[in-house]
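Asks: Need a 3D model of the sequence below.
(4 chains)
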Protein chains: 2
Amino acid sequence: MTVSKTAEKSSEKSGEAAKGRKDAGEPLAETLQLGELSEQLGYVLKRAQLKVFENFLRCMASLQLTPAQFSVLLLVEKNPGRNQTEIASTLGILRPNFVAMLDNLESRDLCARIRSTNDRRSHILVLTDKGKAVLARAKKLVATKHEARLNDLLGQSNREALIAMLSKIANEF
Amino acid sequence: MTVSKTAEKSSEKSGEAAKGRKDAGEPLAETLQLGELSEQLGYVLKRAQLKVFENFLRCMASLQLTPAQFSVLLLVEKNPGRNQTEIASTLGILRPNFVAMLDNLESRDLCARIRSTNDRRSHILVLTDKGKAVLARAKKLVATKHEARLNDLLGQSNREALIAMLSKIANEF
DNA sequence: TATTGTTATACTCTATAACTATA
DNA sequence: TATAGTTATAGAGTATAACAATA
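Replies: Below you'll find the model as predicted:
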């Protein structure tokens, strides 16, 4: 390798190049130092969230449910008789953006909009029979493939502590 | 630990909420039941991440730095002499998307691209003097306003445990 | 007048293909 | 041929204004 006097370092190809190095004084410098970044709450939180969503999508591939869609089905099941505005706002979804999402779920016959008799402006949301069945299967997949993985990684008690701390941040930060 | 009391969105617009309620025995039902959602890792992770980023932006309002921009400055400072591809890929940013981001930082005179003498295709990244000064101020703001808030909320040891668990998820999930 | 669901729209993030200049 | 930086572009996700039906 041409050791240049001017520039710091060139793009050191792959591991093989650095593997054969004999000058033991310097660190390999092959991988970048994250430094303080690895202690930044926001950074590690974002990276963890991306990994978890990615895993969620893989686990749910057979049902074709995104995390957001799963949360809608869960909330509708738990709160029958609520309208779009209530479900959406609870999930932090803006009403205009909730329309296309519901169109999707309704077109797949997972949930249905029912015009309220009390207030004919409102659409009451309910799960269809297929929606209930799919949600039941989704819950099993999440429990056995997704959340179980977290238990393997952290252990049951740590997992509970993690959820509790994240909830606290979500609610009080 | 139990899940802390939620103050979710409290979408209590007007007294209209108590519309059809006649028997006083039932719970208000004004707020929706989150149910299993509050135990879903992905859900609570995402909500926490949004809150943390939101707080970060408020803390950094005077410096106009986003979490992503802050992470770039930190990484460039810690790894001088690296090129765009190395910095971007370490942060999980795709090279095409990194261009506009660097244009922004460079236009604000926070960092600079220097054509490498070894490989004239590469742009070596460095912080300008102003960039170093701004980053130093940013670090102080993050430590005193942002991360300190996490300590207040969870305590020092819990905070460390949280970061450790999130790192583990980010790296091994 | 206010609210529900909706449309239209815009802005940010993210993702892929292809170009250029170097190697 | 392959790689670094770049352009163009497309797709999600998210944000606001405004309109029709209804209250």
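Asks: Every contact and neighbour count from this point should use C-alpha atoms.
Replies: Noted.
Asks: Return the residues in contact with the residue nearest the centre of chain A.
Replies: For chain A, residue A:53 is the residue whose C-alpha lies nearest the centre (Cα atoms, centre = their mean; 2.8 Å). Residues in contact with residue A:53 (Cα atoms under 8 Å, 6 or more residues apart in numbering or on different chains) are A:67, B:42.
Asks: Test for you: state the pLDDT assigned to it.
Replies: The score at residue A:53 is 98. That number is its pLDDT.
Asks: For the helix or strand containing residue A:151, which residues meet the burial criterion?
Replies: Secondary structure from DSSP states H and E places residue A:151 in helix A:148-154. Across helix A:148-154, burial judged by 16 or more other Cα atoms under 10 Å in any protein chain shown covers A:150, A:153.
Asks: just stretch A:76-88 next, same as before
Replies: Of the residues in stretch A:76-88, those buried (16+ other Cα under 10 Å) are A:76, A:77, A:78, A:79, A:82, A:83, A:84, A:85, A:86, A:87, A:88.
Asks: how deep is the residue nearest to the second one when sequence neighbours are not counted tucked in, by neighbour count?
Replies: This means residue A:77. Distances taken as Cα to Cα, 6 or more residues apart in numbering or on different chains put residue A:127 closest to residue A:77, at 6.5 Å, once the chain neighbours are dropped. Using other Cα atoms under 10 Å in any protein chain shown, residue A:127 is surrounded by 22 other residues.
Asks: Over to residue A:37?
Replies: 18.
Asks: same check, this time on residue A:129
Replies: Residue A:129: 12 surrounding residues under other Cα under 10 Å.
Asks: and it, what pLDDT?
Replies: 98.
Asks: Also residue A:73?
Replies: pLDDT at residue A:73 comes out at 98.
Asks: which residues sit in contact with the nearest residue to it once chain neighbours are set aside?
Replies: Spatial nearest neighbour of residue A:73, chain neighbours left out: residue A:135 (6.8 Å); criterion: Cα to Cα, 6+ apart. Going by Cα under 8 Å, 6+ apart, residue A:135 touches A:70, A:73, A:74.
Asks: Helix or strand with the lowest mean pLDDT in chain A?
Replies: helix A:15-19 (a mean of 34; mean pLDDT, DSSP states H and E).
Asks: Can you pull the residues of chain A lying near DNA strand C?
Replies: Contact residues, chain A versus DNA strand C (Cα under 7 Å from any atom of the strand): A:83-86, A:95-97, A:99-100, A:121-124.
Asks: Which parts of chain A are strands?
Replies: A:111-115, A:123-127 (DSSP state E).
Asks: Name the stretch among those that sits most buried.
Replies: Comparing the strands of chain A by mean neighbour count (mean count of other Cα atoms under 10 Å in any protein chain shown), strand A:123-127 ranks first with a mean of 21.
Asks: chain center to it, what's the gap?
Replies: On the basis of Cα atoms, centre = their mean, to the nearest Å, strand A:123-127 sits 25 Å off its chain's mean C-alpha point.
Asks: Can you name every helix or strand that that strand contacts?
Replies: helix A:67-78, helix A:84-90, strand A:111-115 (3 or more Cα pairs under 8 Å, 6 or more residues apart in numbering or on different chains; DSSP states H and E).
Asks: quick one: buried residues of the longest one?
Replies: Read it as helix A:67-78. Of the residues in helix A:67-78, those buried (16+ other Cα under 10 Å) are A:67, A:70, A:71, A:72, A:73, A:74, A:75, A:76, A:77, A:78.
Asks: circling back: overlap between the buried residues of stretch A:76-88 and the residues near DNA strand D?
Replies: Among the buried residues of stretch A:76-88, DNA strand D is touched by none when using Cα under 7 Å from any atom of the strand.
Asks: Distance of residue A:167 relative to chain B?
Replies: Distance, residue A:167 to chain B, using Cα to the nearest Cα, to the nearest Å: 6 Å.
Asks: This completes my enquiry, with thanks.
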